[in-house]
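Novice: Quick check, what structure comes out for this input:
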Amino acid sequence: MFSSGLGVTSVLGKKWFERWLRGMIIGYIRKDYVWKERPTKRMVASAINRYIKDFGTREEVVSILEEIREDPQILPGIPIHVKREKVREIEELLEA
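Specialist: Sure, this is the predicted structure:
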C-alpha cells in the first residue's frame, strides 16, 4: 500500500502524516501572530517533500492548501488576506 521511511505502512499512516502536514502549514501561517517558535518555511517545504515522496501527490498538497486558505473555521483570528498571502508563499515552494 503506502510506505514511508518511518516504517509506517497503511492508510492510517497516510492520514496521520496528512494531519501532521496540515499542522505544520497552520503553524507557519500563525507564526507572525503567536509569540512561540513556529515552523519555518524551510521546515514546511521539507514536510511537503516528505509527504509527496512517501504518501501523496502534489495535487493532494494543493487541495490541503486550498482548504486551509478558504475554510473560515481554520485560523479564524487571522485576517483572510494574511492567510492567503502565507498560503501563496507555500504554493511557490511547490512550483520550485
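
Novice: what's the neighbour count on residue 94?
Specialist: 14 (other C-beta atoms under 10 Å). C-beta coordinates here come from the backbone N, C-alpha and C atoms, glycine included.

Novice: so it is in which element?
Specialist: Taking DSSP states H and E as the definition, one finds residue 94 inside helix 80-95.

Novice: chain center to that helix: distance?
Specialist: Remark: helix 80-95 is offset 11 Å from the chain centroid, using C-alpha atoms, centre = their mean, to the nearest Å.

Novice: So which elements touch that helix?
Specialist: helix 11-30, helix 41-54, helix 58-70 (3 or more C-beta pairs under 8 Å, 6 or more residues apart in numbering; DSSP states H and E).

Novice: got these as a markdown table, with distance to residue 85 and mean neighbour count columns?
Specialist: Shown next, in a markdown table, are those (distance: least, C-beta to C-beta, whole Å; neighbours: other C-beta atoms under 10 Å):
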| stretch | distance to residue 85 | mean neighbour count |
| --- | --- | --- |
| helix 11-30 | 9 | 17 |
| helix 41-54 | 13 | 16 |
| helix 58-70 | 10 | 15 |
